[in-house]
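Student: Dropping the sequence and predicted coords here.
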Amino acid sequence: MTDEADVAYLQRVRPPDWHNPAPRGLYDLVIVGGGPAGLSAASLARSLGLRVALIERARLGGNSLNSGSIPSKALVRSGRAVEAVIDGSRFGGPESGECSADFAAVMRRMHAIRSRIAESCSALRLAALGVDVFFGHAEFADARSVRVGTAALHFKKALIAAGAHPRGAAVPNLEAVGYLTSANFFEMQSLPRRLAVIGGGPLGCEMAQAFAHMGSKVTILQDEPKFLAREERDAAEILSLSLARCGVETRLNTTISGARSVNGEKLIDFENMGIARTLAVDEILVSVGRAANSGEMRLEAAGIVTAADGRIQIDDFLCTANPDVYAAGDVCMAHKFTNVAEASGEMAVRNAFAKAGQRHSAIIAPRCTYCDPEIAHIGMHTRDAARQGMPVKTYTIMMQDVDRAITDGRVDGFVKIHLRAGSDEIIGASIVASRASEMINEVAVIMHARLGMRALAGILHTYPAQSDAIRLAARAYMNSLQHAAP
Amino acid sequence: MTIMTHNPDAALIDRLQRAAFDYFTSYSNPDNGLVADTSRAASPSSIAVVGFGLSCYPVAVERGWIGREPAAARVLKTLRFFWDSEQGEQPRATGYRGFYYHFLEMRSGLRVWDCELSLIDTALLMAGILTAALYFDAEDSEAQIRDLARALYERVDWTWALNGGDTLAQGWRPETGFLHYGWEGYNEATLLYLLGLASPTHPLPAASFAGWTHTYQWENLLGIDTLYSGPLFTHLFSQAWVDFRGIRDSFMRRAGSDYFENTQSAVAIQREYAARNPRGFAGYSRNLWGITAGDGPDNAQQRLTSRDRRYFGYMARGVPYGPDDGTLAPWAMLATLPFDTDAALAGTRHLLRRYPQVCPDERFTSGFNPSCTTGQQAWLSQGWYGLDQGLLVMMIENHRSGLIWNLTRGSAELRSGLKRAGFEGGWLQS
């Protein structure tokens, strides 16, 4: 790391010359973890005038900044740039023939972006805010204090926001062969000619497509029968076709039996549809989900309990088994997203100090997988509503029928708005579209404001716009009312 | 073919139905009753095609295309084969736990292609077996058919196929066990659940059907209210055997529809989609549609430069979510005859006028793709597929006389399955 951006980045997230401050007596709040949950909690706590210490084991910014949302989205953008060149002739642009990415430039750009965004959560900025920042490993000494190095931090309340780490794959000999996870994937030096992605979750699909766009031959190996297990069938199928179109080979329902190294190649042995096969690649990305960072903190010393999957057990108000210790973000939440982490971090502070009584089960969080097309969701899925005995009616607009999507040549996908049947109350939405990550936020505002479909149908949108699909769904609702009228 | 299009509707339909039926006498093994999956050389048998064939014999007897005795003899031979053939865990068998492998070698009847023990295809086979048993009701001479049919049906271990879960798996392999994907969303599996629920020996729990229907989505799509499933055949397979008019399960009661009306909606969506033709495929119109599972241009040989125009081989195509590569199933419009007669006939006539090559020897091929051309020739699937022919014979007959539906309405098994699945109303009340 010699690049100027990399030096600035480290200076922000883990200054090499940092000296931990001397602890200042009893803290109102000690936060373990400087990712999105811990940072949002620290900022809110300071605005409430509380005395705050924050302990970070590695780098500030958490998984999101260092090895998650930010670096992956930078690479996704680079992949799309290459794809746009290849695809340009479809729009009257010049024929490009085959082309691939300048990977060094791609990674330089990603590092510069990461450094730029790191500024907002830098150690100096936190210190200037009045937060005592400690770098080091945190361990609970007892129910009211945490040790970091030789320092003991006493607290009225504590918040554990230690995040999560990528799981490994239980594949015999894979450790010896060598593989990457999100923890080290973004430090790769050269574009792998052949890349295997184990796991068909959000990050696996995003990176598979981005690297295929950039010029790698990518194969996804996934034990499940469809991509994105959380998303609905139609979304997963559209993604599946989209991945196939950009040359990603997918092997669903695949069981990996082992890995080998032969002549510098990594060989993965797997079984698919009853037939044993071997895949030869240059790099392997394992993306099979993340597990809570709940170990090695001596939680038992503070009376904090974890579940079988490692997540810290909390009640609906984010309080752990210790009434003075809360948890937020990936270390305890089922949905491991940056926006959920930030929201839960702030919620924990309000519940701990302002007796706000806010429930994390009430958080309505939009989420997105940034493939092309993007796949976004908010609120309930129809299958969950059905299990609760709630009848649902879904209004769907295909992007291929939306004028702006047609002019853009981005017709893959749909907008689905789920209503409580017999009402115009929106309980959720799924959007698959080239800019679904932006469009879903309109639904978030609508749901938060409790606007129903009637009101939505009357809200003018720019024309033409892809987000007009949301209004068109409301128009379809109004039309169906007219047809139903006697 | 121009002669055909000049026939009045009734004559045209009769000729097409007869030609479709003849597939079963032309491409079956008279020694064991197995029917070839396709007319192509060395095609194995598909147990689903056998199920359709068994349901077509009553039609052929009633229409005078085959005598009752030879038809009964063929049916009996088929049922005997399935009863006597090898059941077991070993990879080279015909079936296991009463289920059968999807594809069987035409002569030996043993599993080929390392294929799966198929739940849905076994259900289609059993539906055919039970239909034949309903029709061949002569007291003595045809009693063996009914005895074997009952034995075969009662041997199927539907409970085992839950694999300890709440809903059915899709299949099983001796090498690797259960395929670990189930049925998500509405599709052709209704018949599978109905037969499983009705079993007197190994019944599915009633909750299994509810578990599946929880994955349904009631949707307003292209302005049409529907329980969506993309490929057209998924709206026709269960419906070929079951008259869903006026009977409703809990989901359809809430939705205010039934599985017959829903197929009408599926037809309307196919037509609306083809009229909009969002991907600009050649030929598509309100009178040319039929996007479903079937043969297609081999994508390795037929790739165009634009990646959005990639072609696929045999696959389940669907609308409006796709996949759609411009391939149409020429038999599909006519197979919707009982649901939207005008649309089915107008579409079929338009098709036969414009693309007469899709119906060689008066029998529809599996697929053609007017967007995918070599010289002036649109891609055309070679030979015929048995599934298409069987479905066509049955649906045309349901339109003409209601024979299949009338038979199955008298089936104690089907009534029991429907009631256990929560269906009420209509003919189930009587």
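Tutor: Cool, the structure landed.
Student: Any idea how many residues pack against residue A:404?
Tutor: By other C-beta atoms under 10 Å in any protein chain shown, the residues close to residue A:404 number 17. No exception for glycine: its C-beta is placed from N, CA and C like everyone else's.
Student: give the contact list for it.
Tutor: Remark: with contacts taken as C-beta atoms under 8 Å, 6 or more residues apart in numbering or on different chains, residue A:404 is in contact with A:463, A:464, A:465, A:466, A:468.
Student: helix, strand or coil for it?
Tutor: Per DSSP: H, G, I helix; E, B strand; the rest coil, the secondary structure class of residue A:404 is helix.
Student: how close does it sit to chain B?
Tutor: Residue A:404 sits 14 Å away from chain B, going by C-beta to the nearest C-beta, to the nearest Å.
Student: can you pull the pLDDT of that residue?
Tutor: At residue A:404, the model reports a pLDDT of 98.
Student: neighbouring contacts of the longest helix seen in chain A?
Tutor: Longest helix in chain A by number of residues, with DSSP state H as the criterion: helix A:69-87. Taking contacts as C-beta under 8 Å, 6+ apart, the residues outside helix A:69-87 that touch it are A:64, A:96, A:98-101, A:106, A:109-110, A:113-114, A:117, A:182, A:186, A:203, A:206-207, A:209-215, A:246, A:338, A:370, A:372, B:307.
Student: nearest residue to the residue minimising distance to the centre of chain A other than its sequence neighbours?
Tutor: For chain A, the residue whose C-alpha lies nearest the mean C-alpha position (C-alpha atoms, centre = their mean) is residue A:337; its distance is 4.5 Å. Using C-beta to C-beta, 6 or more residues apart in numbering or on different chains and skipping the chain neighbours, the partner closest in space to residue A:337 is residue A:367 (5.3 Å).
Student: For residue 174, give me its contacts.
Tutor: All of this refers to chain A. When contacts are counted by C-beta under 8 Å, 6+ apart, residue A:174 is found next to A:168, A:258, A:259, A:284, A:286.
Student: Not quite, go with chain B.
Tutor: Contact partners of residue B:174, counting by C-beta under 8 Å, 6+ apart, are B:89, B:90, B:91, B:93, B:96, B:117.
Student: Residue B:407 too?
Tutor: Residue B:407 is in contact with B:58, B:131, B:134, B:135, counting by C-beta under 8 Å, 6+ apart.
Student: about what we covered before: can you tell me which of the contacts of helix A:69-87 are in helices?
Tutor: For those, membership in helices holds for A:64, A:106, A:109-110, A:113-114, A:117, A:182, A:203, A:206-207, A:209-214, A:338, with DSSP H as the criterion.
Student: I'd like to know which of those residues are buried.
Tutor: Neighbour counting by 16 or more other C-beta atoms under 10 Å in any protein chain shown classes A:64, A:106, A:109-110, A:113-114, A:117, A:182, A:203, A:206-207, A:209-214, A:338 among the ones in helices among the contacts of helix A:69-87 as buried.
Student: low-scoring stretches of the stretch 251-400 of chain B, by residue?
Tutor: Residues of the stretch 251-400 of chain B that meet the criterion pLDDT under 70 lie in B:299-309.
Student: In it, mark out all the strands, start to finish.
Tutor: Ranges of strands within the stretch 251-400 of chain B are B:293-294, B:315-316, B:368-374, B:377-380, based on DSSP state E, counting those that start in this stretch.
Student: Of the ones you listed, which is nearest residue A:156?
Tutor: Residue A:156 lies closest, by C-beta to C-beta, to one member of these: strand B:315-316, at 60.8 Å.
Student: Adjacent strands (with direction) for the closest one?
Tutor: Take DSSP bridges as the rule and strand B:315-316 pairs in its sheet with strand B:293-294 (antiparallel).
Student: For residue B:149, which non-adjacent residue is spatially closest?
Tutor: Distances taken as C-beta to C-beta, 6+ apart place residue B:133 nearest to residue B:149, at 3.6 Å, with adjacent residues excluded.
Student: What does that neighbour show for phi and psi?
Tutor: Dihedral angles phi and psi of residue B:133 (degrees, to the nearest 10) take the values phi -70, psi -30.
Student: From chain A, how far off is it?
Tutor: Taking C-beta to the nearest C-beta as the measure, residue B:133 and chain A are separated by 34 Å.
Student: Next, the contact list for that residue, please.
Tutor: Applying C-beta under 8 Å, 6+ apart, one finds that residue B:133 lies in contact with B:145, B:146, B:149, B:150.
Student: ok, 7 Å please
Tutor: Residues counted as contacts of residue B:133 (C-beta atoms under 7 Å, 6 or more residues apart in numbering or on different chains) are B:145, B:146, B:149.
Student: Model confidence at it, what's the number?
Tutor: Note for residue B:133: predicted pLDDT of 98.
Student: and it, how far is that from residue B:71?
Tutor: As defined by C-beta to C-beta, to the nearest Å, residue B:133 lies at a distance of 13 Å from residue B:71.
Student: What is the burial count for residue A:156?
Tutor: Residue A:156: 15 surrounding residues under other C-beta under 10 Å.
Student: Secondary structure element for it, which one?
Tutor: strand A:151-160 (DSSP states H and E).
Student: Beyond that strand, next helix or strand please.
Tutor: Toward the C-terminal end, the helix or strand that comes next after strand A:151-160 (DSSP H and E) is strand A:164-166.
Student: Partner strands of that next one and their direction?
Tutor: Under the criterion DSSP bridges, strand A:164-166 sits next to strand A:290-292 (antiparallel) in its sheet.
Student: Give me the contacts around the strand holding residue A:156.
Tutor: Counting by C-beta under 7 Å, 6+ apart, the neighbours of strand A:151-160 from elsewhere in the structure are A:20, A:23, A:26-33, A:38, A:41, A:53, A:134, A:141, A:144-146, A:312, A:324-328, A:331, A:348, A:352.
Student: on that earlier part again, just curious, which of the contacts of residue B:407 is nearest to chain A?
Tutor: Chain A lies nearest to residue B:131 out of those, by C-beta to the nearest C-beta, at 31.0 Å.
Student: Report how many residues lie close to that closest one.
Tutor: 28.
Student: Now do the phi/psi pair for the residue nearest to it when sequence neighbours are not counted.
Tutor: Once flanking residues are discounted, residue B:131 sits nearest to residue B:55: 4.4 Å by C-beta to C-beta, 6+ apart. Comment: the main-chain dihedrals of residue B:55 come out as phi -80, psi -20, following degrees, to the nearest 10.
Student: so who does residue B:55 touch?
Tutor: For residue B:55, the contacting residues are B:127, B:128, B:131, B:390, B:394, B:404, by C-beta under 7 Å, 6+ apart.
Student: can you tell me how far it sits from chain A?
Tutor: Taking C-beta to the nearest C-beta as the criterion, residue B:55 is separated from chain A by 30 Å.
Student: How confident was the prediction at that residue?
Tutor: According to the model's per-residue confidence, residue B:55 sits at a pLDDT of 98.
Student: what is residue B:178 paired to in the beta sheet?
Tutor: When assigned by DSSP bridges, residue B:178 has beta-bridge partners residue B:172.
Student: residues near it, how many?
Tutor: By the measure other C-beta under 10 Å, the count of residues near residue B:178 is 20.
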